[in-house]
Structure formats: C-alpha cells, structure tokens
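1. Structural data only, the sequence is not supplied:
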C-alpha cells in the first residue's frame, strides 16, 4: 500500500504541471529544497522514479504520468466535494472554469455579470480563445464548460443549445449593394471577401454554403479577429460574413451595413458543451441551468438590432472588454 500525504501529492502535481521545482515552489510559496524533498519522499513511497531530468528540464516517467493523472482526478473530486458540502449548507460557492471562443465576448459578459451577482461565492475563470484551442481544451478536459458555435464532429460530448448565432453578410454602408433586396448568391460571389483564419466556424459555415451552390469567392485578406475584419470592411477592402453578435455595441465609429442576400442569414446556434460522462460540479450545473434560462433575454436584444436586409448604420460604443 502506498503511503503518501495530500501535501506531497499537491507538491508533485504542481511540479509535474510546471516541469520545474522552482516554479512549483513559487506557486506553493515553498522553498525549492522543500519541494525537492517532498518529491523525493513521494518517490520513495511509490517505489519508482517519477521524474527524469535532462539538462535543466524535468520529464515525467511512466509512473509519474500515472500519478499525475491520479492527482488531477483526486483534486477534482475534492473540489467537487467542497462544492457539494457548500450546496448542502445552502451556499453556492466554488470555482467555475469556462473556455469560450472569441466571438462570445459580445454577449458572455452580459450573462456572467448577473450570475456573479446572484452567486457572489463563485469565482469564475474565463479563457477566451479561438475555436481550435477551445476544442483542444475540451479534449484535455481542462475546464468545466465550453461555449462554441461549431461542434466537433464524431465526439462523445453533451451539447446544449442556448442562443441563436445567425451569420450575416456585412459591407460598408455606402456599398453599391446596400439597400438592394434578395441579392443573388451568384452576385455576391463576384465580390472580394475578407475571411477569418482557416478552422474558424464562421469561415466553414460560409464555405459550406458556397460549396452547396458550386460557387467560390476571391479572398483578399485572412484576419484572425472580428474587430480587424470590421475595420477592413469599413476601409473598403471587401465584404465578410460575420456573426450578427459581432455588430452589437461596435466600439468604432465606422459605418457598416448588413446586406440582404439569398440564403442568409445562415442559422447557427451557440452551444454549451462538455465531455459525455463528465460529472458536472454543483457550480457548473448551476451555471448551465442559469445560462439556458437567461439566454432568451440576450437573444431578444439581438432581435432589436438594425439590419436584417435594411441598409441601416451599425454604430455604438462598447464599455465591455474581455481579455483573451
């Protein structure tokens, strides 16, 4: 039977995660010799080497990888126990880890704000990144919940739709097609386009529509952010297909319009996702229920947006900032 203390496991987990005794010591507010000693004692209890050192770098052995996975499971279960006990006491408290794609920054703060006010004992860790990295985090089960619009194919996941995410064609306000009705898709294909990076859900949705009609567009620019694309559109560099959410509270003074194009808007949805078989914590379950209930109010605000085929200006100021 292995005799190891919880403290030793915490020290080992931090060391394995950082690949460094020094960085683990900094995180745990311990000295480096103390961390080394704790790992040495744990190694003796296991009976096998946990690390191998090559130069100044630490690498996990097979036994170390097994123990690291076990430690993560233990600490996750302990965290869930803490949340469950708090729930039994009538208190919602603990940590909520969310990973969301960048476009959600246009509505997620309006959902998180009231949630945090309603449950002040819950600390929220929000990771904002691109679609591919959110999928990578999902595969590694790094967070409690994930928000995305395009679901990974052939994955064993649970996905709950909670908000519409229509894709629209955006142009400068003075574009020759502004104000025209039912613009044929073939006419749109004559225009120059600005696209998100390959792998983007927005780009894939547009490409699927074009492929269905045996059409292609000329791409002048590929940009990694919706803000950069809106600036490029305003500068007359081309058209783009964007989530309508990106046009809410636009912080610039540039003028944009939504074109009335056949087969648009492309109807999509936002999903909150987690791996099938994952046992959600009390906090994660509470947020999931809240999100599904609160999302309709956000959806109503988008329904009042200008556009939808009318050449109206999309202007405004945004006081919300979300760091990636």
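-> Cool, got the structure. Note that the structure is a prediction, hence the values are computed from the model and not measured. Numbers count the residues shown, from 1 in each chain.
2. quick one: the helices in the stretch 51-200 of the chain?
-> Residue ranges of the helices in the stretch 51-200 of the chain, as given by DSSP state H, counting those that start in this stretch, are 62-88, 108-118, 131-139, 185-188.
3. Let me have these in TSV, extended by mean pLDDT and distance to residue 210.
-> Every C-beta, even on glycine, is put in place using the N, C-alpha and C of the backbone. Shown next, in TSV, are the helices of the stretch 51-200 of the chain (pLDDT from 0 to 100; distance: least, C-beta to C-beta, whole Å):
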stretch	mean pLDDT	distance to residue 210
helix 62-88	82	43
helix 108-118	88	29
helix 131-139	91	19
helix 185-188	92	8
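4. Could you export these to a markdown table, including columns for mean neighbour count and distance to residue 289?
-> Putting the helices of the stretch 51-200 of the chain into a markdown table (neighbours: other C-beta atoms under 10 Å; distance: least, C-beta to C-beta, whole Å) gives the following:
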| stretch | mean neighbour count | distance to residue 289 |
| --- | --- | --- |
| helix 62-88 | 15 | 13 |
| helix 108-118 | 15 | 11 |
| helix 131-139 | 17 | 20 |
| helix 185-188 | 15 | 40 |
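5. Could you export these as a markdown table, including distance to residue 279?
-> Converted to a markdown table, those look like this (distance: least, C-beta to C-beta, whole Å):
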| stretch | distance to residue 279 |
| --- | --- |
| helix 62-88 | 7 |
| helix 108-118 | 21 |
| helix 131-139 | 16 |
| helix 185-188 | 46 |
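6. got a list of contacts for stretch 15-34?
-> 10-11, 14, 35-36, 39, 50-51, 57-60, 64, 67-68, 71 (C-beta atoms under 8 Å, 6 or more residues apart in numbering).
7. 7 Å instead, please
-> Applying C-beta atoms under 7 Å, 6 or more residues apart in numbering, the contact partners of stretch 15-34 are 11, 14, 35, 36, 39, 57, 58, 60, 64, 68.
8. would you list every one of the strands in this protein?
-> Assigned by DSSP state E, the chain shows strands spanning 51-54, 57-60, 94-101, 122-129, 145-148, 157-164, 167-172, 192-196, 218-223, 240-243, 256-259, 269-275.
9. most centrally placed residue in this structure?
-> Residue closest to the mean C-alpha point of the chain, counted by C-alpha atoms, centre = their mean, is residue 100 at 1.5 Å.
10. follow-up on the earlier one: now render the strands of the chain as TSV, adding mean pLDDT.
-> Compiled in TSV, the strands of the chain are given as follows (pLDDT from 0 to 100):
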stretch	mean pLDDT
strand 51-54	88
strand 57-60	88
strand 94-101	90
strand 122-129	90
strand 145-148	95
strand 157-164	93
strand 167-172	92
strand 192-196	91
strand 218-223	89
strand 240-243	91
strand 256-259	90
strand 269-275	94
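11. Could you measure from the residue nearest to the centre of the chain over to residue 11?
-> Separation of residue 100 from residue 11 (C-beta to C-beta, to the nearest Å) stands at 32 Å.
12. Same check on residue 285?
-> Computed with C-beta to C-beta, the distance linking residue 285 and residue 11 is 31 Å.
13. Those two: who's more crowded?
-> residue 11 (25 against 15; other C-beta atoms under 10 Å).
14. who touches the closest residue to the more buried one other than its chain neighbours in this structure?
-> Excluding the flanking residues, the one nearest residue 11 by C-beta to C-beta, 6 or more residues apart in numbering is residue 38, at 4.2 Å. Shown in contact with residue 38 (C-beta under 7 Å, 6+ apart): 7, 8, 11.
15. need these in TSV with pLDDT and distance to residue 245, can you?
-> Compiled in TSV, the contacts of residue 38 are given as follows (pLDDT from 0 to 100; distance: C-beta to C-beta, whole Å):
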residue	pLDDT	distance to residue 245
7	91	46
8	92	47
11	93	44
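16. Look up the closest residue to the residue nearest to the centre of the chain, ignoring the ones flanking it.
-> Nearest-residue entry for residue 100: residue 147, 4.1 Å, with adjacent residues in sequence omitted and distances by C-beta to C-beta, 6+ apart.
17. Show me the domain layout of the protein.
-> The record's domain split for the chain, according to automatic domain parsing, is 6-74, 77-164+269-303, 167-259.
18. Could you tell me the end-to-end distance of the first one?
-> This points to domain 6-74. Start-to-end span of domain 6-74 (C-alpha to C-alpha, to the nearest Å) is 10 Å.
19. returning to that earlier point: what residues are bridge-paired with the residue nearest to the centre of the chain?
-> residue 128, residue 147 (DSSP bridges).
20. Could you report the neighbour count for the residue lying closest to residue 276 once chain neighbours are set aside?
-> Excluding the flanking residues, the one nearest residue 276 by C-beta to C-beta, 6+ apart is residue 156, at 4.4 Å. By other C-beta under 10 Å, 7 other residues sit near residue 156.
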